[in-house]
Structures are given as C-alpha cells and as structure tokens.
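S.K.: Need a 3D model of the following:
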Amino acid sequence: MTLFPASKKAVREMRFGWFGDEGLGEALIARILSGHKSATSSPSYDPQEADEGDLVRVVDKNGRGRCTVRITRIVTIPWGDIDEAVARALGLTLDECRRAADFANSRKLQGSELVRVSYFELVEKV
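M.R.: Numbers count the residues shown, from 1 in each chain. The predicted structure is shown next:
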C-alpha cells in the first residue's frame, strides 16, 4: 500500500541535531512529534532542503527517521522581523528562538539577514 499519492515528490530528508548540540535536535524533534513545532528556519544562504508540497523525512543526528512532514509554506524574511507568532511555529519563545539560532549558527544573526522559514504539517510518526 502506498502511503502517499504517486503525484507527490519523493521524500527528502531534513536533519535535526548534530553531535555536540547539547540535546537541541532531540528537543526540536520532540516538539514536532507533540504538535508544538510546525516550522523550521535557516539563513537564506543555506541550501533550501525542500519546496512547498514536498514530503520530508525528519531524521535525528544519527540519521534515524523520526517522522514525515509536508512543507506547506516557505517565506523569506529579515531575522529582525521574527516575532512571537513565528517563534511559536518554530516551537520556541522569541527569546529561545534567538538563543537557539545564535547557537546553531555559531554566531549572532544580524537583524537585516534574511532567513527562510519553512512551515510544515506532521504527516506520519515513525
């Protein structure tokens, strides 16, 4: 039985976490699985991992599949325009969002830097 219609693109992978991430990746995956995270963000210069409508397999730092999400919308905005609503979709408070981004990027993002916010819906837990 096919889980997804044949007309959909092949599932891609999106990795959450890295060795030395102090548990951030696992915490973010847990928020996806609990329904408290419905978006992810990255600097706009990072390669775009998926397009709207794509099915994406969420994997942990060990490459283990944890769930599948469907990308519903992608927007590019200045980092300084991230507000509570966007932070909430990212599964964080605004303060947590800023600290996590600084940690994940190994530097403080500037307000004018463009970030890509990819919104998604949980399709399947593994």
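S.K.: Just say helix, strand or coil for residue 75.
M.R.: Counting by DSSP: H, G, I helix; E, B strand; the rest coil, the backbone at residue 75 sits in strand.
S.K.: Okay, it and residue 44: tell me how far apart.
M.R.: Residue 75 sits 10 Å away from residue 44, taking CB to CB, to the nearest Å as the criterion. (Each C-beta comes from the backbone N, C-alpha and C, glycine too.)
S.K.: joint contacts of these two?
M.R.: Shared contacts of residue 75 and residue 44, defined by CB atoms under 8 Å, 6 or more residues apart in numbering, are found at residue 116.
S.K.: And the pLDDT at residue 37?
M.R.: Residue 37 is assigned a predicted lDDT (pLDDT) of 97.
S.K.: so it touches residue 88, yeah?
M.R.: No: using CB atoms under 8 Å, residue 37 is not in contact with residue 88, being 9.2 Å away.
S.K.: Neighbour count for these two, which is higher?
M.R.: Using other CB atoms under 10 Å as the criterion, residue 37 and residue 88 rank with residue 37 on top: 22 against 16.
S.K.: mind checking which helix or strand the most centrally placed residue in the chain is in?
M.R.: Residue closest to the average C-alpha location in the chain (CA atoms, centre = their mean): residue 40, at 2.5 Å. Mapping residue 40 onto the secondary structure by DSSP states H and E places it in strand 39-43.
S.K.: mind listing what's buried in that strand?
M.R.: Buried positions in strand 39-43, judged by neighbour count with 16 or more other CB atoms under 10 Å: 39-42.
S.K.: Identify, from the residues you listed, the entry nearest to residue 82.
M.R.: Sorting the buried residues of strand 39-43 by distance to residue 82 puts residue 41 at the head of the list, at 7.7 Å, by CB to CB.
S.K.: how much space is there between residue 83 and residue 89?
M.R.: Distance from residue 83 to residue 89, counting by CB to CB: 10 Å.
S.K.: what about the helices in the protein?
M.R.: Counting by DSSP state H, the segments of the chain that form helices are 24-34, 84-89, 94-105.
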